[in-house]
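Peer 1: this is the structure alone, sequence omitted:
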């Protein structure tokens, strides 16, 4: 079955540590996205990538970094510079590159807690 | 700047009731509008996608309507069941080319259906 796999599902981090969240898709989608979800605030875009080896900042990119070395993979690193990293992180992908007609498919999410 | 709002933030109904969830958007020039369901601690599942040229979409007990001129969409759930309990989110794609087709989400409505 095609889909998006996020790992780990739960992650705990000490302050000052960097952590990397994995996102892999086998849908042959060009575009991939990372969203952050906080209670009562809906989803906010962190980074997106429309093609391999290219990515763009979203609305809340500070303290995060990404790479897109393969079409299937779009890992997100939460760095120690992110002041409030405890959140639920969702990865998504779509077939359209930069098109407003996008239909996104989402992964199951990763919950990061800073201790 | 497109903004999406969902009211109410939370809703509790007895089993069997028909109910309506509301979504409003400030810029009526949308490509489409999508309704998602999110179970606690899980990713997003797409329920219905309405293209800008459509007035409504139906899937089983769900019916989504779109009125672009008034900037509103509603999700109608017939004969609600406890299994419908979840958070429902609506989203529209950004029309700004530089934003890579990101989705702009409402804050969600948390639905609880009591047996």
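Peer 2: Looks like it came in fine. As the structure is a prediction and not an experimental result, all values here were calculated from the model.
Peer 1: just the element for the residue most central in space within chain A, please.
Peer 2: Central residue of chain A (Cα atoms, centre = their mean): residue A:34, 2.7 Å from the mean position. Residue A:34 belongs to strand A:31-37 when assigned by DSSP states H and E.
Peer 1: is the helix or strand following that strand anywhere near chain B?
Peer 2: Proceeding N to C from strand A:31-37, the next assigned helix or strand is strand A:43-51, under DSSP H and E. Yes: judged by Cβ under 8 Å from any Cβ of the partner chain, strand A:43-51 and chain B are in contact via A:43, A:45, A:48, A:50. C-beta: built from backbone N, CA, C; applies to glycine.
Peer 1: burial measure for residue 44, as a count.
Peer 2: Answering for chain A, as no chain was given. Residue A:44 has 17 neighbours, counted by other Cβ atoms under 10 Å in any protein chain shown.
Peer 1: try chain B instead
Peer 2: Neighbourhood size, residue B:44 [other Cβ under 10 Å]: 26.
Peer 1: what are the bridge partners for residue B:87, then?
Peer 2: Per DSSP bridges, residues listed as beta-bridge partners of residue B:87: residue B:38, residue B:110.
Peer 1: what's the separation between it and residue B:19?
Peer 2: Applying Cβ to Cβ, to the nearest Å, one obtains 14 Å for the distance of residue B:87 from residue B:19.
Peer 1: now do residue B:29
Peer 2: According to Cβ to Cβ, residue B:29 and residue B:19 sit 29 Å apart.
Peer 1: so between these two, which is more surrounded?
Peer 2: Neighbour count, other Cβ under 10 Å: between residue B:29 and residue B:19, residue B:19 has more, with 16 against 11.
Peer 1: so who does the more buried one touch?
Peer 2: Residues in contact with residue B:19 (Cβ atoms under 8 Å, 6 or more residues apart in numbering or on different chains) are B:11, B:13, B:76-77, B:80, B:111.
Peer 1: that older thread, which single one of the residues of strand A:43-51 next to chain B is nearest to residue A:74?
Peer 2: residue A:48 (8.8 Å; Cβ to Cβ).
Peer 1: count of residues packed around the closest one?
Peer 2: Using other Cβ under 10 Å as the criterion, residue A:48 is surrounded by 27 other residues.
Peer 1: from memory it sits against residue A:58, does it?
Peer 2: Yes: counting by Cβ atoms under 8 Å, residue A:48 touches residue A:58, with 5.9 Å between them.
Peer 1: near chain A, which residues of chain B?
Peer 2: Residues of chain B lying close to chain A by Cβ under 8 Å from any Cβ are B:4, B:9, B:31-32, B:34, B:36, B:41-46, B:49, B:89, B:91, B:93-95, B:97-103, B:105-108.
Peer 1: what stretches of the chain score poorly on pLDDT?
Peer 2: No chain was given, so I picked chain A. For chain A, applying pLDDT under 70 flags the ranges A:1, A:96-102.
Peer 1: please go with chain B instead
Peer 2: B:98, B:100.
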